[in-house]
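Undergrad: Need the 3D shape of this:
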Amino acid sequence: MYDGLWAHDLFDRAASLSYYFLFALFPALLFLTAILGLVPGPKLMDHLLDYIARVLPADAASLLSKTLGEVVKGARGSLVSLGVLGALWGASSGMVSISHALNVAFEVRDTRTWWRHRLEAIGLTVWFSGLTIMALLLFVFGERIGEAVARGLGVGAAFTRSWNVGRWPALTLCALIGIMLVYQLAPAARQHWRRITPGASFALVGWLVASFALRLYVTYLGNYNATYGSIGGVILLMLWFYLSSLALLVGAEINSQIQRAETEAYARREAPPARGG
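TA: Presented below is the predicted three-dimensional model:
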């Protein structure tokens, strides 16, 4: 496992991936803004940014919200026309970059045509958007849904309290499903796992731990403004992307090592016994 991290240059590839993430971030948020605008009810995009702000350091979250506001304002009416397709195309570029990085981790050669590769990346981006919207709807309307279900089933307040607590594991499950979709569909060689993989679990836990550790460091220890000044928010955002990318790639490397070990064990079992001299 340790040798694989260096053999596949995962630390350098995480840095490259974070660079592409930065370019794909705002098109992805612009696409989500357009889709969420079609959902009736409260402003779901504000809730999404609020959740992001709980994970990111304050300066990085502020930079994200401010820039997104400027992008949305500049887009005007195009959000409901060709602008949505352009935003989706730009957002899928981040998924294409993930695919290239995972091909290295899984040691597979990509033989897909460019248009098929792009279409699959767009499909994954739409899936991620759907999971995000599902999670937002669950948390914004979760209490009302729980009350409606409780009335329909004729159960008491205990069910409603359990429902409200269960919304948080549901968010974790949405994130875990998203990571597993990437591991199974983004590489050129399909990964046919029918269970929660150790790599996906590591990627999720690693991302959460890295995000909160970065936030705590900035809050209590870091004095990055003395070094980076006004671009400190950009530096923090890039660092968060780097840690997130590293967690994703290390998780893929874990799955790759497990799959390779299982393949070798199966080959040994199926190999004919050696004949005696």
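
Undergrad: Show me where the stretch 1-150 of the chain has its helices.
TA: 2-7, 10-36, 44-55, 58-75, 82-105, 114-140, 142-153 (DSSP state H, counting those that start in this stretch).

Undergrad: list the contacts for Leu236?
TA: Contact analysis of Leu236 by Cβ atoms under 8 Å, 6 or more residues apart in numbering lists Leu56, Pro57, Asp59, Ala60, Leu214, Val218, Tyr224. (C-beta placed from N, C-alpha, C; glycine too.)

Undergrad: Show me the shaky parts of the stretch 151-277 of the chain.
TA: For the stretch 151-277 of the chain, applying pLDDT under 70 flags the ranges 151-161, 163-167, 190-194, 221-230, 266, 270-277.

Undergrad: repeat that for 50
TA: Within the stretch 151-277 of the chain, the stretches with pLDDT under 50 are 277.

Undergrad: where along it do the helices fall?
TA: 157-185, 198-220, 225-228, 232-270.

Undergrad: so which of those gets nearest Tyr19?
TA: For Tyr19, the closest of the helices of the stretch 151-277 of the chain is helix 232-270, at 7.9 Å, according to Cβ to Cβ.

Undergrad: Can you give me the buried ones in the closest one?
TA: For helix 232-270, burial by neighbour count (16 or more other Cβ atoms under 10 Å) applies to 232-233, 235-257, 259.

Undergrad: Please enumerate residues in contact with stretch 104-124?
TA: Contacts for stretch 104-124 (Cβ under 8 Å, 6+ apart): 4, 8-10, 13, 88-89, 92-93, 95-96, 99-100, 103, 181-182, 185-189, 191, 249, 252-253, 255-256, 259.

Undergrad: re the thing from before, same list (the helices of the stretch 1-150 of the chain) but as TSV, adding mean neighbour count and distance to Ala170.
TA: Shown next, in TSV, are those (neighbours: other Cβ atoms under 10 Å; distance: least, Cβ to Cβ, whole Å):
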stretch	mean neighbour count	distance to Ala170
helix 2-7	11	32
helix 10-36	19	18
helix 44-55	16	13
helix 58-75	16	23
helix 82-105	20	24
helix 114-140	17	6
helix 142-153	13	8
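
Undergrad: I'd assumed Ser245 was in contact with Gly206.
TA: No. Using Cβ atoms under 8 Å, Gly206 makes no contact with Ser245, being 10.8 Å away.

Undergrad: would you list the helices of the stretch 1-150 of the chain in TSV and tack on distance to Ala267?
TA: Converted to TSV, the helices of the stretch 1-150 of the chain look like this (distance: least, Cβ to Cβ, whole Å):
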stretch	distance to Ala267
helix 2-7	20
helix 10-36	26
helix 44-55	43
helix 58-75	47
helix 82-105	21
helix 114-140	29
helix 142-153	48
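
Undergrad: Ser162: which of those is closest?
TA: Across those, closest to Ser162 is helix 142-153 (Cβ to Cβ), at 8.5 Å.

Undergrad: still on that earlier bit, just the contacts of Leu236 now: which is nearest Thr172?
TA: Nearest to Thr172, judged by Cβ to Cβ, of those is Leu56 at 18.1 Å.
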